[in-house]
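Colleague: Can you look at this prediction? I've put the sequence above it.
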Amino acid sequence: MERPFTYTVVSNPVPNAHGDLYVLFTGESQTKPAHRIGPKVYDYYLMHHVLSGSGTFTAGGETYALGAGHTFLIRPEQLISYASDERDPWRYRWIAFEGRHAAELLALTGLTGATPVAHAGASNRRIAVLLRSIERTFRAGGGVAHLRAAGYLQLLLAELGASGGEGGAAPDRQGGDGEALISQVIRYLSTQYAEPVSIEMMADTLGYNRAYLSRLFKQRTGMTPVTFLLKLRIDKARQLLRERPELTIEQIASSVGIQDALYFSKQFRRFYEMSPSAYREEMRRV
């Protein structure tokens with residue numbers, strides 16, 4: 001059964017005054033069979049998200065066959081064309097935007113000139129809802145509609161970034177920049193040491209295989225992430241032992257993410273060859 005053709009578009013009711021990130025307009029269409037746009041160029045970013053049906057997108061000499069859940073990005077001054085399928089024409093929502101921060105935000109999503117297509121994976125429905133929210137914001141109007149729209153757009157870009165690009169998320173990645181990854185691990189552990197974190201939890205958060213992450217970390221630092229986290233906690237505890245005499249040993253252990261005071265004392269002795277109490281007493285004499 002042929003779906004009836006529909007087309008709606010709504011523009012931002014507030015002029016672009018700041019130039020940081022600004023949504024120009026948004027819309028939705030159930031296209032006609034074999035409906036084609038281009039070849040042509042735009043002078044703004046234009047992103048489409050396919051809700052149903054299928055079609056093709058051509059950019060940079062490459063043609064991509066797309067379906068429900070795919071997002072494709074058109075960059076300013078880029079020669080493109082796109083067409084709906086003859087038998088199953090696509091229905092999509094789109095958003096046009098510009099601004100000084102647009103390029104750097106898009107870089108975080110994985111949508112690049114070389115890879116202008118992504119699959120939303122588990123984020124598919126959330127992206128569709130965010131696009132509809134922008135449309136409703138514009139229809140409602142008001143003096144802050146542009147701010148709301150920009151906020152929804154940033155959430156949309158975050159969803160695309162979290163989806164991991166075409167094919168969905170890749171929680172077991174094993175490539176990438178080693179030094180940058182090690183910095184991420186150190187930053188994560190340095191800010192989360194007081195919480196009940198585990199290496200499994202960290203690997204999942206960063207999107208890498210645990211074994212790969214541990215192996216790379218040891219190659220670059222000479223110790224495993226487990227040892228690094230434990231040493232970090234003990235060093236933070238040593239600082240508290242010096243600077244917070246009112247805290248008990250149990251309270252200090254808990255403050256650095258170790259709930260078992262006996263285990264804490266055993267590990268402290270392992271690193272510094274004395275108990276926490278003896279270390280505190282020595283610091284008092286000094």
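Modeller: Structure received. Everything quoted here is computed from the prediction, not taken from an experiment. Numbers count the residues shown, from 1 in each chain.
Colleague: Give me the mean pLDDT for the helix or strand hosting residue 28.
Modeller: Using DSSP states H and E, residue 28 falls within strand 22-30. Across strand 22-30, pLDDT averages out at 93.
Colleague: repeat for stretch 101-110
Modeller: 87.
Colleague: This protein: helices as residue ranges?
Modeller: 102-107, 124-140, 145-163, 178-192, 199-206, 210-221, 225-243, 249-255, 261-272, 276-285 (DSSP state H).
Colleague: For the nearest residue to residue 252 once chain neighbours are set aside, report the pLDDT, please.
Modeller: Of all residues not flanking residue 252 in the chain, residue 240 sits nearest, at 4.7 Å (C-beta to C-beta, 6 or more residues apart in numbering). (Each C-beta comes from the backbone N, C-alpha and C, glycine too.) pLDDT, residue 240: 91.
Colleague: repeat for the one 4 residues further on
Modeller: In the predicted model, residue 244 carries a pLDDT score of 89.
Colleague: Once you drop chain neighbours, what's closest to it?
Modeller: Per C-beta to C-beta, 6+ apart, closest to residue 244 is residue 252, 7.3 Å.
Colleague: Burial check on the residue nearest to residue 252, number of neighbours?
Modeller: Residues lying near residue 240 (other C-beta atoms under 10 Å) number 18.
Colleague: do the same with residue 216
Modeller: Residue 216 has 19 nearby residues by other C-beta under 10 Å.
Colleague: repeat for residue 50
Modeller: The burial count for residue 50: 24, using other C-beta under 10 Å.
Colleague: Okay, and the beta partners of it?
Modeller: residue 92 (DSSP bridges).
Colleague: pretty sure the residue nearest to residue 252 contacts residue 250?
Modeller: No - using C-beta atoms under 8 Å, residue 240 makes no contact with residue 250, being 12.0 Å away.
Colleague: now stretch 2-22: how far from the chain's centre is it?
Modeller: Put simply, stretch 2-22 sits 25 Å off its chain's centre (C-alpha atoms, centre = their mean, to the nearest Å).
Colleague: Who does the strand holding residue 28 pair with, and is each partner parallel or antiparallel?
Modeller: strand 6-11 (antiparallel), strand 91-98 (antiparallel).
Colleague: Low-confidence ranges, the chain, go.
Modeller: Applying pLDDT under 70 to the chain picks out residues 1, 164-177.
Colleague: please redo it, this time with the cut-off set to 80
Modeller: Confidence mapping of the chain against pLDDT under 80 gives the ranges 1-3, 17-19, 112-113, 122, 163-180, 205-207, 286.
Colleague: Give me the phi and psi for residue 17.
Modeller: phi -110, psi -30 (degrees, to the nearest 10).
Colleague: do you know how far it is from residue 277?
Modeller: Using C-beta to C-beta, to the nearest Å, residue 17 is found at 62 Å from residue 277.
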